[in-house]
Structures are given as structure tokens and as C-alpha cells.
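Student: got a predicted structure here, sequence first:
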Amino acid sequence: MSLSLFFMIFILMLLLSLALIGGYGVVVYNSIVMLKNNIDKTWSNIDVLLKQRYDEIPKLVGVCEGYMKHERETLEAVIKARSMHGSATNDTEKLNAENAISSALKSLFAVIESYPDLKANESFRRLGARITEIEDQIADRREMYNESVNIYNIRIEQFPDILVARLFNFLRRTLWEIEPEHRKDVSVNFTGQK
């Protein structure tokens, strides 16, 4: 076998290897981009519900204010938590603001148990049911969001995918975890029944 034929076979093998590695890199890159965009889509779905809840809070506070004259601190906590959302600038701050809103609403609903006239108010019951429905939907979508983030984070840390992830600066995403101070079990009953 001549030296030039050997050199040509070597070059062809090298080009074939580079093409396979490049093709694999493109597949990995595209799958990571798909996972990243899935996280963004899932967060956008949650954001719609958060906006709906955000819009319902002033109505709920307005209905409660007339009945709860001595519970100003609880109402102010709800308002403060709502304002945290507006000043959040990154994922972590947004998630903390949402946890604070959920916690403040739970506290508000727990205090409301002491006000039977308020619980009997039709506007309150409608708003309470709407917020409870939104909270349930947020919890469901939070699971989907966390699952998407988990799959993405695993993918960008696995070898050899980590090489592509580092090359294109794909960074870990934050799971939406409930902070310990927001983990309060509160029983809420809007129907007026025990």
C-alpha cells in the first residue's frame, strides 16, 4: 500500500470522525435548547396564573378590610408580599415573592376563619374560591416546571453533554422550592361549613 493511499484513508477517517462528533454536538445542542425553551414555556404558563392571582389580591383585601378592622398586620403582609412580585428581577427573587404571596394568603385565610360574617359574604366566597382554584393550578404547573428544570439540569451535567453545555454557556436553572418559613399547613373553608 502506498503512502499516499494510507494518507488519504487517514484523512477520510479523520473527516468522518469529525463529522460524527460535529453531528452529535448539533443533536446535543438542539436537545438542550429544546429543554431550555420548555422551561421558559412552562414558566410562562405559570406566569399567566400568577398575574391572575396578582390581580385578585387587591379585590380580596378590599372585601376583607371592612370586616377585619383588627387584622391590619395580616392584610399588610398580603399587600407587602404582592409588592415583592413587582420588584423581583430574577428567577430566584420571583420564586421567593411567589412563596411569600402564597404564605401571606394562607395566613389571611386562616385569620378569616374567625370572621363568620366575612366567610358568608358572597364576594369573599367567590374571590376565595377563585384564588384557591388559581393556587391549585399554580401547584400543578409548578410540578411541571420543576420536572422540566430537573431534566434540563441533569442533561447539562451529564458527560459528554456537559462539554456542549459549557461551550454554549447553558447554566443550571433554579427549582421552585417552597422555603421552610412558607411551609404552613392552613385549613381553608369557604363554604361556611365545618
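Tutor: Noted; the coordinates are in hand.

Student: next secondary structure after the worst-scoring helix or strand of the chain on mean pLDDT?
Tutor: Lowest by mean pLDDT, DSSP states H and E among the helices and strands of the chain is helix 116-120, with a mean of 74. Later in the chain than helix 116-120, the nearest helix or strand by DSSP states H and E is helix 122-157.

Student: neighbouring contacts of the helix or strand just after that next one?
Tutor: Going down the chain from helix 122-157, the next helix or strand is helix 161-167, by DSSP H and E. For helix 161-167, the surrounding residues in contact (Cβ atoms under 8 Å, 6 or more residues apart in numbering) are G25, V28, Y29, I32, R155, I156, E157, F170. Every C-beta, even on glycine, is put in place using the N, C-alpha and C of the backbone.

Student: farthest-separated two in those?
Tutor: G25 and E157 (16.8 Å; Cβ to Cβ).

Student: who has more neighbours, those two?
Tutor: Neighbour count, other Cβ atoms under 10 Å: between G25 and E157, G25 has more, with 16 against 11.

Student: show me what the helix or strand hosting the more buried one is packed against.
Tutor: Element membership for G25 (DSSP H and E) is helix 3-67. Where contact means 3 or more Cβ pairs under 8 Å, 6 or more residues apart in numbering; DSSP states H and E, helix 3-67 is packed against helix 72-87, helix 91-112, helix 116-120, helix 122-157, helix 161-167.

Student: give me whichever of the ones you listed is most buried.
Tutor: Across those, the average number of neighbours (mean count of other Cβ atoms under 10 Å) peaks for helix 91-112, which reaches a mean of 20.

Student: chain center to that helix: distance?
Tutor: 14 Å (Cα atoms, centre = their mean, to the nearest Å).
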